[in-house]
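S.K.: Sequence plus the predicted model coming up.
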Amino acid sequence: MTENVMTQSQPMAATTPADEARRKMVLYAATVGGVIVLDQVTKAMVLRTLRPYTPVEVGGDFFRLTFIYNTGAAFGLHLGDASRWVFMALAAVAVVVLWVMFRGTPWRDRLRLIAIASVTGGAIGNVIDRVRSARGVVDFLDFGVGETRWPVFNVADIAVTCGALLLAYSLWREEQKIETELDIAEPAD
């Protein structure tokens, strides 16, 4: 055997804060970038292949591809003529707040890091649409039965929703851990 082969008796190198910071940035960049790329690629395909407001059944009536422009926010929330600018500003504020949360999250809490990056990527994906066109965000995933339909959405919306749910779970889990630690630390009466 060569001397370069690590044996089990040799200790593993300790992870430094700089290593963890690099890993966090790679995870963040990969997740945000992956969400944005997937979102923008699917929207480009929709723009090239579907006619606006013309449903195409994929899974019968339950799942259709329906290309629409959404000038509002998720679930049809609309603020009139100012919607585009208000939602761009809100997304910018959200991205800054998420960045601060990301910076304060330790490497060991990868669930929260992925959640934050997913919400960030989704927010940026939809902002790209708002910057590109006053017509609004390209939405195309359409689920429902007959006239009872979920609002049409896109990949960025999925990332924001899933990321927000994961973030809420991560924060709840941390709160439960803190409460458990406080209960253990309190002396019995």
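M.R.: Received it, and whenever you're ready, just let me know what you need.

S.K.: For Asp139, see how far away Tyr53 is.
M.R.: Between Tyr53 and Asp139 the computed distance is 11 Å (C-beta to C-beta, to the nearest Å). All C-beta atoms are positioned from the backbone trio N, CA, C, and that covers glycine.

S.K.: Those two: who's more crowded?
M.R.: Using other C-beta atoms under 10 Å as the criterion, Tyr53 and Asp139 rank with Asp139 on top: 23 against 10.

S.K.: ok so the more buried one is a helix residue?
M.R.: No. Going by DSSP: H, G, I helix; E, B strand; the rest coil, the assignment for Asp139 is strand, not a helix.

S.K.: need the strands for the chain, in chain order.
M.R.: Using DSSP state E, the strands of the chain run over residues 56-59, 63-70, 137-145, 148-149.

S.K.: Tell me which of those lies nearest to Asp129.
M.R.: strand 137-145 (4.3 Å; C-beta to C-beta).

S.K.: Identify the residues contacting the closest one?
M.R.: If you take C-beta atoms under 8 Å, 6 or more residues apart in numbering as the criterion, strand 137-145 is touched by 42-43, 46-47, 50, 55, 61-71, 126, 129-130, 149-154, 156-158.

S.K.: Please convert the buried members of those residues into ChimeraX selection syntax.
M.R.: For the buried members of these, the matching ChimeraX selection, counting by 16 or more other C-beta atoms under 10 Å, is:
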select :42,43,46,50,55,64,65,66,67,68,70,71,126,129,130,151,152,153,154,156,157,158
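
S.K.: Please, where are all the helices along the protein?
M.R.: Along the chain, the stretches classed as helices by DSSP state H are 17-49, 83-104, 110-132, 155-185.

S.K.: now, of the ones you listed, which is deepest in the fold?
M.R.: The highest mean neighbour count among the helices of the chain, using mean count of other C-beta atoms under 10 Å, belongs to helix 110-132: a mean of 22.

S.K.: can you list the weak-confidence ranges in the chain?
M.R.: Confidence mapping of the chain against pLDDT under 70 gives the ranges 1-13, 74-78, 187-189.

S.K.: Swap in 50 and give it another go.
M.R.: Along the chain, no part satisfies pLDDT under 50.

S.K.: coming back round to it: is it possible to get TSV of the strands of the chain that adds distance to Thr105?
M.R.: As requested, those are exported to TSV (distance: least, C-beta to C-beta, whole Å):
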stretch	distance to Thr105
strand 56-59	37
strand 63-70	31
strand 137-145	28
strand 148-149	37
